[in-house]
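> sharing a model prediction with you, sequence too.
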Amino acid sequence: MASVDFCVQAATNYTDVDILSFALNLECLEAEYYSWAAYGESIYSVDPALVGKLQQCTDRDSSRTPSGGTDEGGPSTPFAGSVIDIISEIAENEIAHVRLLRAVLGTRAVTCPALSLTTETFTIAVTAAVDALGGTVSPSTQTFNPYSSVQDFAVGAFIFEDVGVTAYKGAVQNLQNSTYAATAAGIMAIEAGHAAVIRQLMAAATGTDANTDLTYVTPGSATVDPLTFTSAVTGINVLRDSLGGTSGASVEQPLFRSVTDVGTYSATTGLELFVADSTGDAYGRTPTQVLNILYFDTTMKLVPGGFLPSGVSGNTTVTEITSSSTASKNCTTSGALSMAYFSAASAAVLPAVIALVL
């Protein structure tokens, strides 16, 4: 690969390589999640070169348990028709992202981290989201398997997709290398499209608030009710804000929007497809905020766990990036990333809606 020029960068303990390696960790996680749904196997089984030098990703077939990973019986996914078409395309995108980042980073690319995508891990995540609502999972013996139904798969995907987009906005805008920045902006654009499509998928093409397979006791009531998509998204949003330290200034959006006046026009209520702030810009999270969410770390001290039981691969000093770090950047701007977010998200939604309806 031809050499590229680096811009003058303020002194930091992390480099552009570290930032893009952090992104590679997240792409490994997303690629693994969708690979099990689309192909019924890990990305290592799809192509061993995807994970790097060591087989680190989650392998849910006990006969092929990888070093550092966890095992669980391979899923029997119920996906078919337009839904599996969408899932398969996203899986292809995520795997392509892993390949792209490896190609750009070359010999400096890190191995994929150990991942935990077990039913137990997802049950912990969704139970914590219900707790964040003030509710209680009932009966308490329930488990949450995102591969058991389209509804639950969409909820599992929602946990990752919005976080991934905010991670790119928060960290990648610090890149000084123009080639790396272009790569990151391109990936963020596609990830934004995925996030919008998953939100559309949760609407179940019926325009109604469908139920997940989980039941819970609602706050202030003794009644056991199904956990709806709206409640699941609200709980996940509250939990992510709490773990990420953004409860005071939320970087989340509900599944359905409220009426907002636009000039002399009143917008109707409906599905909230795009996670945008009041200015129409994409939200951002720092690497520290992202990792505390994926670790399920209530102490907010970057203790590995959750989906990344052994932490991330690579230089963890990338966590030094703060919300004000971008003040020192001198070659790229967040504006390009924000434009990439909305152009791709908008372009992705209409085809997905058509596919789900037809």
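On my side now, so go ahead. Residues are numbered from 1 along each chain as shown.
> how many neighbours does Val197 have?
Neighbour count for Val197, taken as other C-beta atoms under 10 Å: 26. The C-beta positions use only the backbone N, C-alpha and C, and glycine is treated the same way.
> that one is in contact with Ile86, isn't it?
Yes: using C-beta atoms under 8 Å, Val197 is in contact with Ile86, at 6.3 Å.
> quick one: Thr215 is in a helix?
No: the assignment for Thr215, made by DSSP: H, G, I helix; E, B strand; the rest coil, is strand rather than a helix.
> show me the beta-bridge partners of it.
Here Thr215 sits in beta bridges with Pro226, going by DSSP bridges.
> number of nearby residues for it?
15.
> what's the closest non-adjacent residue to Ser250?
Asp241 (5.1 Å; C-beta to C-beta, 6 or more residues apart in numbering).
> ok, the one you found to Gly235 distance?
11 Å (C-beta to C-beta, to the nearest Å).
> of those two, give the one with the bigger neighbour count.
Gly235 (23 against 19).
> before we move on, back to that, ok, now which ones touch the residue nearest to Ser250?
If a contact means C-beta atoms under 8 Å, 6 or more residues apart in numbering, then Asp241 has Ser247, Ser250, Val251, Glu252 as its contacts.
> try it again with 7 Å
Going by C-beta atoms under 7 Å, 6 or more residues apart in numbering, Asp241 touches Ser247, Ser250, Glu252.
> sec struct for the first one, please.
Secondary structure state of Ser247, per three-state DSSP, is coil.
> that one - how many residues pack around it?
Neighbourhood size, Ser247 [other C-beta under 10 Å]: 12.
> now swap in the second one and tell me
For Ser250, the count of nearby residues is 14 (other C-beta under 10 Å).
> so what pLDDT did it get?
At Ser250, the model reports a pLDDT of 89.
> one more: the first one?
The score at Ser247 is 89. That number is its pLDDT.
> tell me which element the residue nearest to Ser250 falls in.
Secondary structure assignment for Asp241, by DSSP states H and E: helix 229-244.
> buried stuff in that helix?
Residues 229, 231-244 are the ones in helix 229-244 that count as buried (16 or more other C-beta atoms under 10 Å).
> one more: stretch 290-307?
290-297, 300, 304-307.
> and stretch 98-117, by the same measure?
98, 101-102, 104-105, 109-117.
> tell me which two of the buried residues of stretch 290-307 sit farthest apart.
Met300 and Phe307 (16.4 Å; C-beta to C-beta).
> how about the strands of the protein, start to end?
136-137, 211-217, 224-228, 256-257, 261-262, 265-266, 270-271 (DSSP state E).
> if we can go back for a sec, from the contacts of Asp241, which is closest to Gly40?
Using C-beta to C-beta, those come closest to Gly40 at Glu252, 31.8 Å.
> OK, contacts around the closest one?
By C-beta under 7 Å, 6+ apart, Glu252 lies in contact with Asn237, Arg240, Asp241.
> Pro219 - how many residues pack around it?
10.
> that one and Asp85: what is the separation?
The value you get for Pro219 to Asp85, if C-beta to C-beta is used, is 38 Å.
> ditto for Pro113
29 Å.
> over to Thr228?
Distance from Thr228 to Asp85, by C-beta to C-beta: 25 Å.
> quick one, which of those two is more surrounded?
Thr228 (18 against 15).
> where exactly do the helices run in this protein?
Remark: helices assigned in the chain by DSSP state H are 16-39, 43-46, 81-105, 119-132, 150-171, 178-202, 229-244, 287-295, 334-357.
> give me the mean pLDDT for the shortest one.
Averaging the model's pLDDT scores along helix 43-46 yields 88.
> same question, the first one
Per-residue pLDDT values across helix 16-39 average out to 94.
> name the nearest residue to Leu105, sequence neighbours excluded.
Here the residue nearest Leu105, using C-beta to C-beta, 6+ apart, is Leu20, at 5.9 Å.
> touching, that neighbour and Ala182? I think so.
No: assessed by C-beta atoms under 7 Å, Leu20 is found out of contact with Ala182, at 11.5 Å.
> out of the two, name the residue with the larger neighbour count.
Between Leu20 and Ala182, Leu20 has the larger neighbour count (other C-beta under 10 Å), namely 26 against 15.
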